[in-house]
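Trainee: just the structure for this:
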Amino acid sequence: MSDRAASTSVVIPAFNEAASIGRVVAALRAAAAWRDVIVVDDGSTDETSANARQAGARVIRHPYNKGNGASVKTGIRAAAGDYILILDADGQHPPADALRLVERLDGYDLVVGARLARTQASLARRVGNELLNRLASFLTERPIPDLTSGFRAARRDCLVEFLHLLPNGFSTPTTTTLAFVKAGYSVAFEPIEAAQRQGVSKIRLGSDGFRFFLILLKVITIFSPLRIFLPISAASCLLGSAYAVWTIATQSHVTNSSVLLILMSVVIFLVGLISEQISTLRFEGRPPR
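Mentor: Sure, this is the predicted structure:
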């Protein structure tokens, strides 16, 4: 266990987390001898940097607030370890769970700390997360119990491969999970119990939930476009055909609307097919691991 931790860089994005960051860093450093513990202060206006540095972390400070994703990318670029552990600065993730995630990297490329439903913040957030999890599971064709967990460990070279896809705001966990799954990397979900966070969450259920949904569609379109285009094409074709049968039975002719729906289904399918070929070409020059 110590060998794996010694090769792991811990990345903690933080924005105005002075109340908890010191305890988080201290607990991590007491749990194992990590390669380094990097706190990326995303333009905080409180004592986040000072408290993290006092606890023994290496602090990288953004001159202004860029977003959680931008902080994660900064930490990944600065990391010296072969493995990277990413966790939130709000004290939700126990150090013992961090070690469990890192240890599973002997057989997996990405290990996600999947929060148990009873430990998530509120009923509305649990329902929203469950809807996203179900949609992601359908689009990726594998069960995803926690799409948005910010607690994860991964091989650094795999993360760097998808660095250009990561958004600057909230949804880096969504993007990395989907990218790893659709690229064929080995992904594991380790059940964890999330503690009550310190301070106020920066995520807004309405606007950020819709943003997560768009990110999900974007990443799936990049890696497996037909998974989105095919159901839409099939629905349009079925609707057009059903409408055509109904108008033939009731009006003895086929209307323009049914013809347009069927033609639209063909166009959508062909666009999806071309997108699938383009997606395949993206990986032709990919170096073997």
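Trainee: can you classify the closest residue in space to residue 58 that isn't next to it in sequence by secondary structure?
Mentor: Distances taken as C-beta to C-beta, 6 or more residues apart in numbering put residue 38 closest to residue 58, at 5.1 Å, once the chain neighbours are dropped. Placement of C-beta: from N, CA and C, glycine included. Applying DSSP: H, G, I helix; E, B strand; the rest coil to residue 38 yields a three-state assignment of strand.
Trainee: pLDDT weak spots in this structure?
Mentor: Residues of the chain that meet the criterion pLDDT under 70 lie in 1-2, 117-126, 195-209, 212, 282-289.
Trainee: residue contacts, the residue most central in space within it?
Mentor: By C-alpha atoms, centre = their mean, the chain has its centre lying nearest to residue 174, at 1.8 Å. Going by C-beta atoms under 8 Å, 6 or more residues apart in numbering, residue 174 touches 132, 136, 147-148, 212, 215-216, 219.
Trainee: next: residue 6.
Mentor: 33-35.
Trainee: how near is it to residue 244?
Mentor: 67 Å (C-beta to C-beta, to the nearest Å).
Trainee: for the chain, what spans make up the helices?
Mentor: Counting by DSSP state H, the chain has helices at residues 2-6, 18-31, 48-54, 68-78, 95-103, 123-140, 156-161, 172-182, 205-223, 226-251, 256-281.
Trainee: and these as JSON lines, adding distance to residue 189?
Mentor: Shown next, in JSON lines, are the helices of the chain (distance: least, C-beta to C-beta, whole Å):
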{"stretch": "helix 2-6", "distance to residue 189": "19"}
{"stretch": "helix 18-31", "distance to residue 189": "21"}
{"stretch": "helix 48-54", "distance to residue 189": "29"}
{"stretch": "helix 68-78", "distance to residue 189": "19"}
{"stretch": "helix 95-103", "distance to residue 189": "10"}
{"stretch": "helix 123-140", "distance to residue 189": "10"}
{"stretch": "helix 156-161", "distance to residue 189": "16"}
{"stretch": "helix 172-182", "distance to residue 189": "9"}
{"stretch": "helix 205-223", "distance to residue 189": "17"}
{"stretch": "helix 226-251", "distance to residue 189": "20"}
{"stretch": "helix 256-281", "distance to residue 189": "25"}
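Trainee: out of those, nearest to residue 109?
Mentor: helix 156-161 (5.0 Å; C-beta to C-beta).
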